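>>> Task: produce atomic coordinates for the following.
(chains A, B and C)
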Amino acid sequence: MKKKALSLLLASAMVVSLAACGSSDDSASSSTPADTSASSSTSTDTQASSTEASGDTASAEKADYHDVLTSLNMVVNGTLTATVDNGQADFEKQWEDAVGIDLQIQQLDHSGYVDAVGRLFAGGDYPDVIVMSADMFKQYAPTGLLWDMASAYDNAEFQSRMTLPGINEALKDSEGHLYGFAPTYGNGCVTYVKKAWLDAVGINADDVKTYDDYYNMLKAFHDGDPDGNGVNGDTYGVVAAGFIGNEAPYINYLPEFWQDAYPSIYQKDSGEWVDGFQEDATKQAILRLQQAYADGCIDPETLTASTKIAREKWFSNDQTGSSGVFTYWAGSWYQTLTDNLIKNEVDPELVQLAPIAEVGAYLNREAPVWCIIDDGDGDNTREQAIFDAFIETMMDGGTVQTLWTYGAEGVHWSTAAESFTTNAGTDNEKTYEYAEGEFHLLPSPNDPNSIWKKNHIDPALSVCELTNGYVAQTDLAAEGNKFFTENCVDAPVSPVSETFTNESGTIYDAKLAVITAVVVEGGDIDAAMQTYVDTVGSIIDQCLSELNQ
Amino acid sequence: MSKKKAVMTSGGVEVREKPLKLRIWNNRGYYLMFLPVAIFLILIYYWPMLGVRYAFYDYKPVGQPTFVGLKHFQKMFETQAFWTAFKNTLELSIIKLIITNVSAVVVSIFLNEMKNLFAKKTLQTIIYLPHFMSWAVVASIFSLFLSPSSTGMINGIIFNGDTSKYIYFLASKTWWRPIFYVINIWKETGWGTIIFLATLSGINPELYEAADIDGATRMQKIRFVTLPALANTIITVLILNLAKVMNMFESVFVLYNNAVYDVSDVISTYIYRQTFAVALPNYGYSTAVGLFKSLVGCVLVLVCNWASKKTRGRGIV
Amino acid sequence: MAKEKVSKKPSERMHVFDVVNYIVFILLGLLILVPIWKVVVDSFTKVGIYQFRLWPASGMFTLDGYKTIIETQALYRPFVNSVITTLLGTLLGLVLSTLGGYVLVQFEMPGRNLFGYFLLFTMIFSGGMIPEYLVMKQLHLVNSMWILVVKHGMNVYNLVLMRNFFEGIPGSLYEAARIDGCSPMGIFFKIVLPLSKAALASIGLMFAVTVWNDYSTVKIYITDPNQTNFQYKLRNMIMDGDTPTTAYEVSQNTLFNAGIISAILPFMILYPFLQKYFVKGVNIGAVKE
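Residues are numbered from 1 along each chain as shown, chains lettered A, B, ... in the order given. Model (predicted):
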């Protein structure tokens, strides 16, 4: 991440705070309406007939896909919150009623989704639509398996409701192909600090403006007794799942240490691809981690902790061994972390730390996308029908988008007059009352004591707004989303190169070797870096030469 | 000629060297009994084996496999991490195999000496328990116990709460292997005794009585009666497990981390990171490594089978 | 009972050997129990703790972990699936390994060695995950819980162990039966199986544990939620869930530990019934000369 790009993006973030988060690379960062119309007019030239067709009314289009499709196969990961135990049947039923075709949902395990999809494809089971993370999408996009939906997208009816056009413009490749559609932007992590701990060590979060301030806060959390158990030194400053993440944007769990370093292959402003891991900024970042580890500012278990362990240590009822700072997903996680602290009877008040000067802004990762599988018959009719039936409706602003956003009516949400109580008979008892016509979320189907939050699309992150005015977000989630969008820039775009695809495992191992040798074992950074160059230097050069062709 | 003769004499039961056809016919019942086993073997094991050809292909979830010759093997042999993993696999799994089996044999023998049935049964139940837990669970329990952070119980006991001295057992190149072996002993010793105890239950009590008459001590009886009776089972178990030596995966996978790859990374975990941590895996490479694994396992088993034939006059099957 | 035995044989009174033996085993038992005890304690403790406690801290005792598991209907179907597949898998496993093991001790049978290598080969070579997946798909076992039965039913390792037990049955018994006109099948059912109760019990338990505990096969082959097993569902629900929530009244930790215990429980209940076979065994030696 270069400062220049950063400030440029920050500037644009001020102009259109939300839209800025969507704009990804330079070519798309200035995706003004003029640009959009320009690109759609290009496609008008090449695909005149289809544009003509889209000139017809929406109802005509909808009639179309019924002729072509009778059923739709979809493969999805854990991001469809309406799981089988959580009202999926009702979601499916209501979707089918609204769209008029049969929907087959195949929900795969969230962990191991990539493997499972690989097996499905290898076994010849291709769905019609599939959701992919940005990393996965990057690898699959050039394979020819995915349908180029650029013209369908440009002529889509939902364009008129699009509030964040930059997100999907950024997904187009250099030749204008669009192989996936992102219904939301990516979201990212912000730094949360326990208010009670700040008070205990006498620090005001507003004063934490630089890395030195941040570091002193961590040190105070470790050296002092913020959990109030009478023992100094049995608490830590910050905990994370690993010193470096295993998927882009890699540095999002410990941004304060990584600062302007981006320890992966990325594209400079000049358009040149370079290996950020070998840059001086990365060296400095690793040395900062080394210092913090030696000083006890970082929970040593950060090395081995999974996100689940890190999370549970952080909000454990037994705050001995816990940490004061945790950088985690923005928005609805603000609510979830708070809920867990409440449940564990720990002071739940959290402060969202504004990015320190050296960080500048939190990173917004690349968004997950929906892809249409190309049946390879050279004819676009079926794929277009899938687009109309699935993606067009997903963003219809009304019934179907509500299904995707909040779930099934009467199961996940309702507008009927009613009242219900959660956690009846406990200290956390809460009663909800709603008038007729008032939109509200219901208790989760599998847990009557917690209120349903969202389905697949986070309403705060959606690229198209709902037109029916349904809004249900907790205050904390809304505050968290606002805070993030005000303080984010886009993560660098992941590289696509054959060598990188094949060798990313080896490269990641080599990076980990450097980080553990220096941070955990206190080794010499230059020697470790030399080993890195010796092991994977030639592979990296190969990747860079492929990328810089 | 001789065949004809043999058929003629087929009526004679006492003929020693029966012709092959007749011997096959006489054993027809056994072939029939083996048929279901053979069917399952072919369907579940042999049919998928046709897939080893992908070791010579680039094979991804999308597109047709393309023949690439020895590319994957070349890459494999050129990679330092692969050789580290290969060495670790042999060291870790063979040492693990020996110590868990030695401890299982020792525990079985002394459990067998126990006269009090209640105590024996209770202990048996207790030592089997860890096996019923999955490796993921075992790892999460021991990670808590061995934690280097201020809540770590083992560190707390050793260093009396002085957090600055705490050892990160699972991230230490010195400690990882001993810990790994201890956890394996904890989890698998009890279960390993099942086979040995079942064998011991079959020992003829007259053998012990004869030893008593000769005035043998307890240790002598163990040495001269119990151990020889176990030898056959011990060798079978060792050799059978040797065939699986190269497959070691889950126990390492749940306990290792990037700080100790040098001493802990085994071939299967290496393959895992190479293939499944990647968005668009190349199954060709993992098949190639798998094929290499099989070849090494094959050599190990043949060597052991040969050793078994030498020492006790017969192979394992 | 034990006392009787001791009094019967005065020469085998308790002496130093026994005392040391008992002490060592009691310590060993305790060492093994400590980690498990932590799981038990945590499963009864209201919130997550990272330290070892002998008992739940005062006021922290709860049964909600187990209550939640019992009340979670999403676990019922997987539980039934697990019971069915474990029973059938064990049955098939015992059938195949006794048949195969029995055939392998027919030393005079032509081709016996060939059969042995035919079996052994499968322990060493495998086609790899993807070819296996494609074959299972051809066999219509993908997305079906029967894959657990089929995949674990054929286990060469257990088959060879079974063969080893059979080898211990004295050949004179076979000869006697053969002279009485018993067919191979007849000998198998009338002589071999009744003499192998210890082997059947221990190897049967091995099959049962393998099928019951299987997680990875389900993870690889089954995506249909109606076909998953208990282990998988439990783990999916409380261990791997990446968007865990306050969805359950109890803490994740309590639920997690209660889940571990629930998954072991069937064996803890079943085991005492099987144990009599383990301890008594079959006195094959009695017929040996």
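>>> ok, the residue positioned nearest the centre of chain C - contacts?
Ranked by distance to the mean C-alpha position of chain C (C-alpha atoms, centre = their mean), the top residue is residue C:209 at 2.3 Å. Counting by C-beta atoms under 8 Å, 6 or more residues apart in numbering or on different chains, residue C:209 touches B:131, B:132, C:267. Every residue, glycine included, has its C-beta placed from N, CA and C.
>>> and the stretch 201-317 of chain B, which residues reach chain C?
Within the stretch 201-317 of chain B, the positions adjacent to chain C are B:201-207, B:212, B:218-219, B:232-233, B:236-237, B:240, B:243-244, B:250, B:283, B:286-287, B:290, B:294, B:297-298, B:301, B:315-317 by C-beta under 8 Å from any C-beta of the partner chain.
>>> near chain A, which of these show up?
residue B:283.
>>> Okay, now the unreliable bits of the chain?
The chain I'm using is chain A. Chain A contains residues with pLDDT under 70 at A:1-63, A:426, A:428.
>>> Please refer instead to chain C.
Ranges of chain C meeting pLDDT under 70: C:1-14, C:47-52, C:238-251, C:277-289.
>>> Likewise for the stretch 201-317 of chain B?
Checking the stretch 201-317 of chain B against pLDDT under 70 turns up B:276-277, B:312, B:314-317.
>>> And stretch A:192-205, what's buried?
The neighbour-count check on stretch A:192-205 (16 or more other C-beta atoms under 10 Å in any protein chain shown) flags A:192, A:193, A:194, A:196, A:197, A:198, A:200, A:201, A:203, A:205 as buried.
>>> again with stretch A:478-496
A:478-495.
>>> Tell me which stretches of chain B form strands.
In chain B, the segments counted as strands under DSSP state E are B:57-58, B:66-67.
>>> among the ones you listed, which is nearest chain C?
Taking C-beta to the nearest C-beta, strand B:57-58 is the member of these nearest to chain C, at 11.1 Å.
>>> Just the ones of the buried residues of stretch A:478-496 in strands?
Using DSSP E, the buried residues of stretch A:478-496 in strands are A:488, A:489, A:490.
>>> Tell me the one of the residues you listed nearest chain B?
When those are compared for distance to chain B (C-beta to the nearest C-beta), residue A:490 wins out at 19.9 Å.
>>> Quick check, the closest one in contact with residue A:364.
Yes: proximity of residue A:490 to residue A:364 meets the contact threshold set by C-beta atoms under 8 Å, at 5.1 Å.
>>> So which residues of the stretch 251-400 of chain A form helices?
With helices called from DSSP state H, counting those that start in this stretch, the stretch 251-400 of chain A shows them at A:255-258, A:280-294, A:307-315, A:332-343, A:381-386, A:393-394, A:399-406.
>>> and residue 166, how many residues sit next to it?
This is for chain A. 27 (other C-beta atoms under 10 Å in any protein chain shown).
>>> Please refer instead to chain C.
Counted by other C-beta under 10 Å, the residues lying close to residue C:166 total 21.
>>> Phi, psi for the closest residue to it other than its chain neighbours please.
Nearest residue to residue C:166, sequence neighbours excluded (C-beta to C-beta, 6 or more residues apart in numbering or on different chains): residue C:105, at 4.7 Å. The phi/psi pair for residue C:105 (degrees, to the nearest 10) reads phi -100, psi 10.
>>> Residue C:105 reaches residue C:163, doesn't it?
Yes: contact criterion C-beta under 8 Å: residue C:105 and residue C:163 qualify, at 5.9 Å.
>>> quick one: which of those two has more around it?
residue C:163 (23 against 20).
>>> A helix includes the more buried one, no?
Yes: judged by DSSP: H, G, I helix; E, B strand; the rest coil, residue C:163 forms part of a helix.
>>> on that earlier part again, JSON lines for the ones in strands among the buried residues of stretch A:478-496, including distance to residue A:283?
Below are these laid out as JSON lines (distance: C-beta to C-beta, whole Å):
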{"residue": "A:488", "distance to residue A:283": "26"}
{"residue": "A:489", "distance to residue A:283": "23"}
{"residue": "A:490", "distance to residue A:283": "25"}
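>>> what sits against residue B:190?
By C-beta under 8 Å, 6+ apart, the neighbours of residue B:190 are B:104, B:107, B:124, B:126, B:127, B:128, B:129, B:130, B:131, C:32.
>>> count of neighbours near the third one?
In other words, residue B:124. For residue B:124, the tally of surrounding residues (other C-beta under 10 Å) stands at 22.
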